[in-house]
Structures are given as C-alpha cells and as structure tokens.
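1. My questions concern the predicted model and sequence given below.
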Amino acid sequence: MLKSVLIICFFILVSNEASVQKTIQGFIGDSAVLPCLSTKQLKDLNAHWRYEDSKNVYDIEEGKWSPNEQDPVYKSRTETFPAEYSKGNFTLKLRKLQKSDAGSYCCFITEFSLQMCTALQVKEKQKGIQAKPDSIRGIESKAERIVSLLIPFFAGTVLLWLCEW
C-alpha cells in the first residue's frame, strides 16, 4: 500500500508544473529580466504580466504595449522586446529594483491559456562585492526543483525496500 502511495506522489511531483517556479535574484537599483516564452507563435498575441495576481505590471494587447491599466508603481520601470513577440518571447525587464518588488510575477498568454510565473528576490548589494550579471544570477530551474523534491522520495523508497527485505 505504501509503495502505491509513494509512486502516486512521484507522478504528482513530476506532472505538477504549477508548483515549480523559476527564481530570479536581483539587487536594489539594478534590473531583473523575467522570462515569458511560448513555443507557439501567433501574430498579435495578448500577454499580461501581473504581480501577486493583483497589480498590473505590463499588458501587451494585439501585439502592442497597452499602458492604460498599468499600476503606477511600474510606470517608467518596465520594458519588453516587441521585435521578439512574433517569436513567442514576452520577457519583461524590470528596472530600478526596489525591495518591495520582491514576489511572484506571472505572465499570461491568453490565446494559449498559458501561464508562467517567476519568483523575484530582491537583495541589497553588499559593499565591495560586484553583482553578477542577470544571466548568471541564482536561477532555480524546473529540473533542479524537481530533483530537490525527489531526493526525499527516493530515500523513503530505499528505506521502505530495506525494511521489507
């Protein structure tokens, strides 16, 4: 019975993408790049960036930036790359990071019912230590997260197997 429960837990962990987020680290005053990539491409897509499911960070409607509903906290601090939209790239750059920017950012591509979330950590710069570029900051990949979740699972399975032996 316990083996069946462990096997079910394994498949839930592997198939449950919603529980896995990328984590990006940024520093106060710097910029952070939050990825939003779709393998599907379509001209004039709608994509929406939200902070903690409440603040409107950035809207792309019919392939163009729509600043009408943008939360004032993000005015003049956000940027995307319109030349990349046709490739399915709706990545957001957030400038002049503040401690209050830390949290979960989700990108919704409405035509494909696709949602991608990124956890942003904002830290103070340590004096005398230069910050790493955006491309090599601490990014936790989906694979790393799944592996870290599976280690206790496999340890439990081995212990169970040894107890039965």
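-> Happy to help now that I have it.
2. For the closest residue to Gln115 other than its chain neighbours, give me its contacts.
-> Spatially, and ignoring its direct neighbours in sequence, Gln115 is nearest to Phe108 (5.3 Å; Cβ to Cβ, 6 or more residues apart in numbering). Any C-beta I mention is one placed from the backbone N, CA and C, and that applies to glycine too. Listed by Cβ atoms under 8 Å, 6 or more residues apart in numbering, the contact set of Phe108 reads Ala47, His48, Trp49, Arg50, Leu114, Gln115.
3. now Asp53
-> Asp53 neighbours (Cβ under 8 Å, 6+ apart): Ser104, Cys106.
4. start the count at 432, not 1, going forward
-> Sounds good: first residue 432 from here, last item Asp484.
5. quick one on the thing from earlier: of the contacts of Phe539, which belong to strands?
-> Taking DSSP state E, the ones among the contacts of Phe539 that sit in strands are Ala478, His479, Trp480, Arg481, Leu545, Gln546.
6. The fourth one: neighbour count?
-> By the other Cβ atoms under 10 Å criterion, the neighbourhood of Arg481 contains 19 residues.
7. And it, how far from Phe539?
-> 7 Å (Cβ to Cβ, to the nearest Å).
8. so Asp490 sits right up against Tyr505, yeah?
-> No - contact between Asp490 and Tyr505 fails when scored by Cβ atoms under 8 Å: they sit 10.8 Å apart.
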